[in-house]
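# Pasting the sequence and the predicted model now:
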Amino acid sequence: MRRSIFQKLLWGVLLLAAIELALLNFSVMSMAGLDPGAAGPELRWRMAWATLAMAVAGLAYAFLFSRRLRQRIGRLKVFAEGLVTGSSQLPPPDSPDELGALAESLGRVAAQVNELVDKVRLEGARRDAILTGMVEGVLAVDQELRVTFCNAAFATAFGVHGPVPAGLPVLRLVRDPDFLEMLRMVVASGESLKRRMHLIGADSRSFEVQAAPLAGASSSGAMAMLHDITDLERLERVRKDFVANVSHELRTPLTAIRGYAETLLDGALDDPDNRRRFVEIIQSHAIRLNNIASDLLTLSELESGRAPVAPGRLSVLATLEAAMRTVESEAAMRKVHLGWGTVEDLQVMGNKIKLEQAFVNLLDNAVKFNRGGGEVWVEAGRMPGGKVAVSIADSGIGIPSEDLPRIFERFYRVDKARSREVGGTGLGLSIVKHVIEQMQGTVSVESQLNKGSRFTVVLPEA
């Protein structure tokens, strides 16, 4: 049967009262046989001693009871303080009273608290893992703009290696005034902001910054997420330049075709001296349009990301010979000598048609941008590390050093007038670069103005 602490105290008092009554009764019965004159003082002394005995017994009972009660309360306190850390165990209920019921209730609460703490820790670990592994930079600050969280991507963007300590002022991490002002505005207004910025200290890269308020029960702050859009902006510029270049390249031959066609319709058809020349000009510009369309389709196919045709083993020597035969007539017409250096018969893995097209483009440029009586020579050999190097050199007009980094861009021309004169589309080297990279190779160029150029293709050996 469950007894309360109050009931225990009441039973203790009743027990002491019963003892005192028993002692008094014993004293009275003992004094019944004494002299009546001496009974009064003796009775008083015995009652005093009985009362003193009762007081001593009551104090001893109260001391033992309070000591046991204090020990039980102390064990419950230690347990309650260790609930969050999980470092304490609930003492077994040693008595079925209020404290025992409290211990049982704390046991049930402890199980629920431990379950909630485990869930919070798991969610916190998941959050930290997600934020830490994100490619985007994430920064959280308090209302005083001190760091509360910073992932590795954000720190790396600003040249900080290693963890960023909590409590660090943001100004010591990011010195961009626009970014700091954005955080202040979010903390002050409690509203989200989104901007594009070139952040100082991040190699002037472009970021799309999203900042949102963080409101807590006792404090507020903000979280900023950086999405690097530098490459996206570069691709946008490339796309715009590509559209402009295509429009320009198509406009020139189309304008010429339209002009000469209108001239013929306006009466030049009856001019025997000029009509054939006009038709030949229309034909040459139509061929140029066809070449541009063909090269654009080739580039589109290479950049589409579609799986290429299964590669096969190719003979570098045989592919170079086929490419040389393709440009022989052009070289003879321009009086450019095609020569062979040391060429080893090595094998590479790739698509024969595309590799031959890349070699044809390089040889065609070497012939067209050469001088009368110039030379073009080809070499191929094995490199360390299982690589094959193919070089195509010429004694032509060369390429200025400031143009070398851009010659593989689409429609980029060093000498625009001569390129159009010889029928170039400005896409040949772009095609070469994509073909070689698709075969896990590289292409590079060395050139001196008015002395010639050397293009080197490096491919893995089969």
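Cool, got the structure.

# Would you agree Phe179 is in contact with Gly201?
No - using C-beta atoms under 8 Å, Phe179 is not in contact with Gly201, being 9.5 Å away. Yep, even glycine has a C-beta here, placed from its N, CA and C like the rest.

# of these two, who's got more company?
Between Phe179 and Gly201, counted using other C-beta atoms under 10 Å, Phe179 has the larger neighbour count: 23 against 15.

# immediately after the worst-scoring helix or strand of the chain on mean pLDDT, which helix or strand?
Within the chain, confidence by mean pLDDT, DSSP states H and E is lowest for helix 416-421 among all helices and strands, at a mean of 52. Proceeding N to C from helix 416-421, the next assigned helix or strand is helix 428-438, under DSSP states H and E.

# now the helix or strand following that next one, how far from the centre of its chain.
Later in the chain than helix 428-438, the nearest helix or strand by DSSP H and E is strand 442-448. Remark: strand 442-448 is offset 34 Å from the chain centroid, using C-alpha atoms, centre = their mean, to the nearest Å.

# Would you mind listing the buried residues in the helix or strand following strand 442-448?
Downstream of strand 442-448, the first helix or strand assigned by DSSP H and E is strand 452-460. Neighbour counts over strand 452-460 (16 or more other C-beta atoms under 10 Å) mark Gly452, Ser453, Arg454, Phe455, Thr456, Val457, Val458, Leu459 as buried.

# what packs against strand 452-460?
Here strand 452-460 touches strand 347-350, helix 352-368, strand 387-394, helix 428-438, strand 442-448, going by 3 or more C-beta pairs under 8 Å, 6 or more residues apart in numbering; DSSP states H and E.

# Grab the nearest non-local neighbour of the residue sitting nearest the centre point of the chain.
What sits nearest the mean C-alpha location of the chain, by C-alpha atoms, centre = their mean, is Val135, with 0.6 Å. Nearest residue to Val135, sequence neighbours excluded (C-beta to C-beta, 6 or more residues apart in numbering): Ala153, at 5.9 Å.

# residues contacting that neighbour?
By C-beta atoms under 8 Å, 6 or more residues apart in numbering, the contact set of Ala153 is Met134, Val135, Glu136, Gly137, Val138, Leu226.

# Give me the next element, helix or strand, following the helix or strand that it is a member of.
In this structure, Ala153 sits in helix 152-157 according to DSSP H and E. Where DSSP H and E defines the elements, the next helix or strand beyond helix 152-157 is helix 177-189.

# Contacts made by that following helix with the rest, please.
141, 143, 145, 170-171, 174, 191-193, 195, 197, 199, 209, 211-213, 220-222, 224.

# follow-up on the earlier one: what is the nearest of the contacts of Ala153 to Arg313?
Closest approach between those and Arg313, by C-beta to C-beta: Val135, at 38.9 Å.

# Give the helix, strand or coil label for the closest one.
coil (DSSP: H, G, I helix; E, B strand; the rest coil).

# measure it to Leu64 for me?
Distance, Val135 to Leu64, by C-beta to C-beta, to the nearest Å: 69 Å.

# what stretches of the stretch 151-300 of the chain score poorly on pLDDT?
Residue ranges of the stretch 151-300 of the chain with pLDDT under 70: 216-219, 248, 295, 299.

# Let's see that with 90 instead.
Applying pLDDT under 90 to the stretch 151-300 of the chain picks out residues 151-168, 170-179, 187-191, 196-207, 214-221, 223, 226-300.

# can you give me the strands for it?
193-198, 206-215, 220-228 (DSSP state E, counting those that start in this stretch).

# Among the ones you listed, show me which one is buried the most.
Neighbour counts (mean count of other C-beta atoms under 10 Å) averaged over each of these peak at strand 220-228, with a mean of 20.

# Check which helices and strands that one sits against.
Applying 3+ C-beta pairs under 8 Å, 6+ apart, one finds that strand 220-228 contacts strand 137-142, helix 152-157, helix 177-189, strand 206-215.

# Looking at those, which is nearest to Gly124?
Gly124 sits nearest to strand 137-142 of all the helices and strands packed on strand 220-228, at 13.4 Å, using C-beta to C-beta.

# what sits up against that closest one?
Taking contacts as C-beta under 8 Å, 6+ apart, the residues outside strand 137-142 that touch it are 131, 147-151, 153-157, 170, 173-174, 183, 187, 207, 214, 219-226.

# Repeat that for stretch 339-350.
Here stretch 339-350 has contacts from 311-317, 320, 355, 375-382, 388, 439, 459-462, using C-beta under 8 Å, 6+ apart.

# and the end-to-end length of it?
25 Å (C-alpha to C-alpha, to the nearest Å).

# same check, this time on stretch 206-225
13 Å.

# what separates it from the chain centre, distance-wise?
Offset of stretch 206-225 from its chain centre (C-alpha atoms, centre = their mean): 18 Å.

# do the same with stretch 314-327
45 Å.
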